[in-house]
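**Student:** Model the following, please.
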Amino acid sequence: MPEMIRDGTGSGYLASVTEQNRLAVTAITEDENKDINERTRKSYLLYIDITPTGALDNFMYIKNTNTDNMFINWYRIWTASSADAIDLYRNMTGTPGNTTSVTPVNMNFGSNNTATGEFYESVDMSGLSGGTFVDRLRISGDGKDVVDGYPGDIILPQGSNIVLQALTGAIPLEVTVSFYYKEVA
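**Tutor:** Below you'll find the predicted structure:
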């Protein structure tokens with residue numbers, strides 16, 4: 001008798017294999033964030049609208065205090081008419097000062113879950129230094145949104161932080177960050 005793949009539920013269904021020795025399936029695929037949003041209701045958006053006062057001002061701070069990993073998977077940045085760049089730093093040290101707390105919105109409107117972490121904005125955040133430079137996000141200043149993500153996402157384990165810093169400053173910015181929590185494997 002040839003080898004067969006059974007469904008494992010006791011119903012006796014068998015799997016079909018193509019001539020190229022591939023499992024024949026009909027599948028619906030969705031990204032991980034959508035699955036997390038529906039199943040565990042731990043998907044969030046964080047939005048800020050701010051004008052950093054000057055060059056190299058830290059203006060956004062996200063620290064994961066959850067025991068689950070935080071996956072930053074998408075961002076949107078906008079300026080009206082001036083070009084600028086935003087530098088991302090990993091794990092700056094110190095305590096953020098001169099800040100205002102911001103609250104991420106749960107993207108599953110049927111959920112009362114709240115994001116676990118420290119989320120701050122500031123026109124000129126103090127108290128932080130060091131960290132590792134990660135990337136520079138350039139904004140053309142033509143009034144068009146910059147929308148993108150990172151292949152593989154940015155993963156913040158518990159205790160990690162990411163800081164956004166304005167290269168030029170004194171330019172109104174809108175920044176949205178999408179993230180979700182997933183259990184540590």
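
**Student:** Could you tell me which ranges of this protein sit under the pLDDT cut-off?
**Tutor:** 1-4, 8 (pLDDT under 70).

**Student:** Just give me the residue closest to the centre of it.
**Tutor:** By C-alpha atoms, centre = their mean, the chain has its centre lying nearest to Ile72, at 1.8 Å.

**Student:** May I have the beta-bridge partners of it?
**Tutor:** The residues listed as beta-bridge partners of Ile72 by DSSP bridges are Ile154, Phe179.

**Student:** ok, it - contacts?
**Tutor:** Shown in contact with Ile72 (C-beta atoms under 8 Å, 6 or more residues apart in numbering): 62, 150, 153-156, 162, 177-179. C-beta: built from backbone N, CA, C; applies to glycine.

**Student:** any idea how far it is from Ser11?
**Tutor:** Distance, Ile72 to Ser11, using C-beta to C-beta, to the nearest Å: 41 Å.

**Student:** ok, which stretches of this structure are strands?
**Tutor:** Remark: strands assigned in the chain by DSSP state E are 43-50, 58-64, 69-78, 84-90, 93-97, 100-101, 105-106, 117-129, 132-139, 146-148, 154-156, 161-166, 173-182.

**Student:** To Asp7, which of those strands lies closest?
**Tutor:** Judged by C-beta to C-beta, the one of these that comes nearest to Asp7 is strand 173-182, at 27.2 Å.

**Student:** Now find how far off-centre the closest one is within its chain.
**Tutor:** Centre-to-centre, strand 173-182 and its host chain are 5 Å apart (C-alpha atoms, centre = their mean, to the nearest Å).

**Student:** which of the residues in that strand are buried?
**Tutor:** By 16 or more other C-beta atoms under 10 Å, the buried positions in strand 173-182 come out as 173, 175-182.

**Student:** do the same with stretch 132-141
**Tutor:** Judged by neighbour count (16+ other C-beta under 10 Å), stretch 132-141 contains these buried residues: 137, 139.

**Student:** What number of residues are in the vicinity of Asp87?
**Tutor:** Per other C-beta atoms under 10 Å, the neighbour tally for Asp87 reads 17.

**Student:** Can you name the residues that contact it?
**Tutor:** By C-beta under 8 Å, 6+ apart, the contact set of Asp87 is 133-137, 164-165, 167.

**Student:** Now for those residues: which two are most distant?
**Tutor:** Most distant of the contacts of Asp87, by C-beta to C-beta, are Val134 and Leu167, 13.9 Å apart.

**Student:** how distant is stretch 22-41 from the center of its chain?
**Tutor:** Centre to centre, stretch against its chain (C-alpha atoms, centre = their mean), the figure for stretch 22-41 is 19 Å.
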